[in-house]
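Engineer: just the structure for this:
(2 chains)
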Protein chains: 2
Amino acid sequence: MLVLITYDVSTIDAAGQRRLRQVSKACQNYGQRVQNSVFECIVDAAEWAALKIKLIELIDPEQDSLRFYQLGNQYKNKVEHVGIKASLDLEGPLIL
Amino acid sequence: MLVLITYDVSTIDAAGQRRLRQVSKACQNYGQRVQNSVFECIVDAAEWAALKIKLIELIDPEQDSLRFYQLGNQYKNKVEHVGIKASLDLEGPLIL
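Structural biologist: Alright, predicted model coming up:
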């Protein structure tokens, strides 16, 4: 299933900058960055549960926010891109 | 239906900063900002067509990007928020 993750992490101090890197890194393990603070992750239920717990642990809920959007399995016709840096089709053929 | 709009607008010059303001303003006419470059818009098909055309006209596709995610009408259980600034429930009771 596709889960869209968007986040706002406060970077006013070093701790916030570190949280931002950690949140981004955690998302990269499961999917791809499609915009600055937007990741698309194709995960099964168990992977999603693990990633979600990890992300919630990483942020400071008093300063940062996470939003999760469940787009299900039939997501290709629900997503549209316009402009620079179109995202890779994660499940499409890998062209070497 | 709920359409999630995420965008990255290059702000390296004044023209980009103006595009960012315009994109944000166009989205505000149809919905609410839930994170820095993330808007949730509840629109019908005609409103969506008009907003989409407007946004595509506003950006510079060589520098900026827009992503549209169709979450349909049954979206409440597809969206989850963690942390600061939870979004208003647009269709919920307006508490004065």
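Engineer: list the buried residues of the worst-scoring helix or strand of chain A on mean pLDDT.
Structural biologist: In chain A, no helix or strand scores lower on mean pLDDT, DSSP states H and E than strand A:31-35, which sits at a mean of 92. For strand A:31-35, the buried set under the neighbour-count rule, 16 or more other CB atoms under 10 Å in any protein chain shown, comprises A:G31, A:V34, A:Q35. All C-beta spots, glycine's among them, are computed from the backbone N, C-alpha and C.
Engineer: restricting to C-alpha, output that strand in PDB.
Structural biologist: Output of strand A:31-35 as PDB, limited to C-alpha atoms (Å, rounded to 0.1, in the frame of the first residue of the first chain):
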ATOM      1  CA  GLY A  31      10.300   4.900   0.000                       C
ATOM      2  CA  GLN A  32      11.200   7.900  -1.900                       C
ATOM      3  CA  ARG A  33      11.300  11.600  -1.400                       C
ATOM      4  CA  VAL A  34       9.000  13.300  -4.000                       C
ATOM      5  CA  GLN A  35       9.300  16.800  -2.600                       C
END
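Engineer: picking that back up, which ones among the buried residues of strand A:31-35 also lie next to chain B?
Structural biologist: Of the residues in the buried residues of strand A:31-35, proximity to chain B by CB under 8 Å from any CB of the partner chain holds for A:V34, A:Q35.
Engineer: and which of the buried residues of strand A:31-35 is nearest chain B?
Structural biologist: Using CB to the nearest CB, the shortest approach to chain B within the buried residues of strand A:31-35 belongs to A:Q35, at 4.5 Å.
Engineer: tell me the spacing between that closest one and A:V9.
Structural biologist: Using CB to CB, to the nearest Å, one gets 15 Å for the distance from A:Q35 to A:V9.
Engineer: summarise which helices and strands the least confident helix or strand of chain A is packed against.
Structural biologist: Packing partners of strand A:31-35 (3 or more CB pairs under 8 Å, 6 or more residues apart in numbering or on different chains; DSSP states H and E): strand A:38-42, strand B:2-8, strand B:65-72.
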